[in-house]
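Trainee: Pasting a predicted model and its sequence here:
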Amino acid sequence: MVNRPVWTPLHTRVHRTLQHRQLLKRQERILIAVSGGQDSLCLTKLLLDLQPKWGWQLAIAHCDHRWSKDAGIADHVEQIAHNWQLPFYLQIADYVTQSEGAAREWRYQALTKIAASHSYQYIVTGHTKSDRAETLIYNLIRGAGADGLQALTWQRSLTPDLQLVRPMLEVSRAETFQFCQSFKLPIWEDVYNQDLSYARNRIRQELLPYLQTHFNPQVEQALAQTGELLRADVEYLEQAAQNLRSQAMAITPESINYTQQNSDLSSLNRVVLRDAPLALQRRVLRQFLQAALSIAPTFEQIEQLTFLITAPNRSRTSSLPGGAIASPKTSFYAEVEGNWIIIKKTDL
Ligand SMILES: Nc1ncnc2c1ncn2[C@@H]1O[C@H](COP(=O)(O)OP(=O)(O)OP(=O)(O)O)[C@@H](O)[C@H]1O
């Protein structure tokens, strides 16, 4: 007789979320990113139990940052994969990453590499509603716009063939803990989670409990909802900005003239932008700078370009960084020529 998994309300919720949001397809090959902590263990158990309904092929991937305090986690996760009879893939960092940010970047690269070499179309992570609330606060303090505050999204493309999916953004950390307890899942206690020198940990352990006690007992839920509302707003605005940008960059005899004169530079028709709302103007200009110079523009750089939409002929920005296309001998700036805002290059 086949042992049916014990079904909980959380199983039903995640199953419905996957259906409703169309996050994962049936029969797909899915790589679960497992750190060994409560969230990714909870996710693995849920997907394993849902697997007969969806026909997925599941596997576990773990990234070893080679931090001394992490010694033993990789073996622990491998043992879990073995017990659940799932394929296990391990990537070990070539060198020890220092910052949280660098570790995260390496981790996503490592996961992408595993997925590409074993033909997985999805990587799933155990991010929760609590992570969403923390990320929102973290980015708010650093001065992010709506894009930073939408924080974690349900899915995004890592490469044209690979999606990152976060199926548990409506589940709280308290719930994943409860779930792991009730199924006696072997959680690895991450010692870094106690270290208050990491901003995220201080937000989780001090700031959120403070807000909960003194301002709103449901603060986590409220912040996660704000993140979700902003996610939909950002998606809509980005799409509208892309449409407007293609109009402003449409090839006309005038623009051909400019591109012939300056074959490597980009131009944008400012007349098309003039009557657009400021929110769209800023987004178009950010996309334009990103595409032309391969940079993530700052607030000030975007503001300088926004000013050019109505500025007199020949107005220009101060020097702009060249990102991937920079060399020590060149610098860039944007200048108004008639109806056009043009990115120009000067040789120093
Ligand atoms: N070492 C690891 N190996 C594999 N997966 C990991 C590892 N660390 C984290 N993950 C995955 O990422 C999820 C989030 O982990 P955590 O919150 O620690 O990372 P984070 O740095 O905040 O991530 P992000 O920047 O994506 O928000 C985990 O639930 C797990 O799915």
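Mentor: Done, it's in.

Trainee: contacting residues for the most centrally placed residue in the chain?
Mentor: Centroid check for the chain by Cα atoms, centre = their mean gives Leu152 as the closest residue, at 5.8 Å. Contacts for Leu152 (Cβ atoms under 8 Å, 6 or more residues apart in numbering) come out as His127, Asp131, Arg132, Thr135, Arg166, Leu169, Gly227. Using the backbone N, CA and C atoms, a C-beta is placed for each residue, glycine as well.

Trainee: again, 10 Å this time
Mentor: Remark: with contacts taken as Cβ atoms under 10 Å, 6 or more residues apart in numbering, Leu152 is in contact with 125, 127-129, 131-136, 164, 166, 169, 224, 227-228, 231.

Trainee: Quick check: Leu273 vs the ligand, distance?
Mentor: When Cβ to the nearest ligand atom, to the nearest Å is applied, the distance between Leu273 and the ligand equals 34 Å.

Trainee: other SSEs contacting the helix or strand encompassing that residue?
Mentor: Using DSSP states H and E, the element containing Leu273 is helix 270-274. Here helix 270-274 is seen to pack against helix 219-248, helix 278-293, helix 299-308, strand 340-347 when contacts are counted using 3 or more Cβ pairs under 10 Å, 6 or more residues apart in numbering; DSSP states H and E.

Trainee: Just list the residues touching the residue in the chain that the ligand sits nearest to, thanks.
Mentor: Nearest to the ligand in the chain, going by Cβ to the nearest ligand atom, is Gly126, at a distance of 2.7 Å. Counting by Cβ under 10 Å, 6+ apart, Gly126 touches 32-35, 37-44, 46, 166-168, 171, 173, 176.

Trainee: Just the ones of the residues you listed in strands?
Mentor: Assigned to strands by DSSP state E, the following of these qualify: Ile32, Ala33.

Trainee: which of the contacts of Gly126 are close to the ligand?
Mentor: Ala33, Val34, Ser35, Asp39, Ser40 (Cβ under 6 Å from any ligand atom).

Trainee: Highest neighbour count among those?
Mentor: Highest neighbour count within these: Val34, with 28 neighbours (other Cβ atoms under 10 Å).

Trainee: so it sits right up against Cys63, yeah?
Mentor: Yes: applying Cβ atoms under 10 Å as the test, Val34 and Cys63 come out as touching, 9.4 Å apart.

Trainee: Alongside the ligand, which residues does this structure contribute?
Mentor: The chain comes close to the ligand at residues 33-35, 39-40, 61-63, 104, 107, 125-127, 131, as judged by Cβ under 6 Å from any ligand atom.

Trainee: out of the residues you listed, which are inside helices?
Mentor: Judged by DSSP state H, helices contain the following of those: Asp39, Ser40, Arg104, Arg107, Asp131.

Trainee: can those go into CSV with extra columns for distance to Leu185 and pLDDT?
Mentor: Conversion of these to CSV gives the following (distance: Cβ to Cβ, whole Å; pLDDT from 0 to 100):
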residue, distance to Leu185, pLDDT
Asp39, 11, 98
Ser40, 10, 98
Arg104, 24, 90
Arg107, 22, 96
Asp131, 19, 95
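
Trainee: Present the residues you listed as CSV; the columns should include distance to Glu189.
Mentor: What follows is those, written out as CSV (distance: Cβ to Cβ, whole Å):
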residue, distance to Glu189
Asp39, 13
Ser40, 14
Arg104, 20
Arg107, 19
Asp131, 18
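
Trainee: for those, which one is nearest Pro52?
Mentor: Within those, proximity to Pro52 (Cβ to Cβ) peaks at Ser40, which comes in at 21.0 Å.
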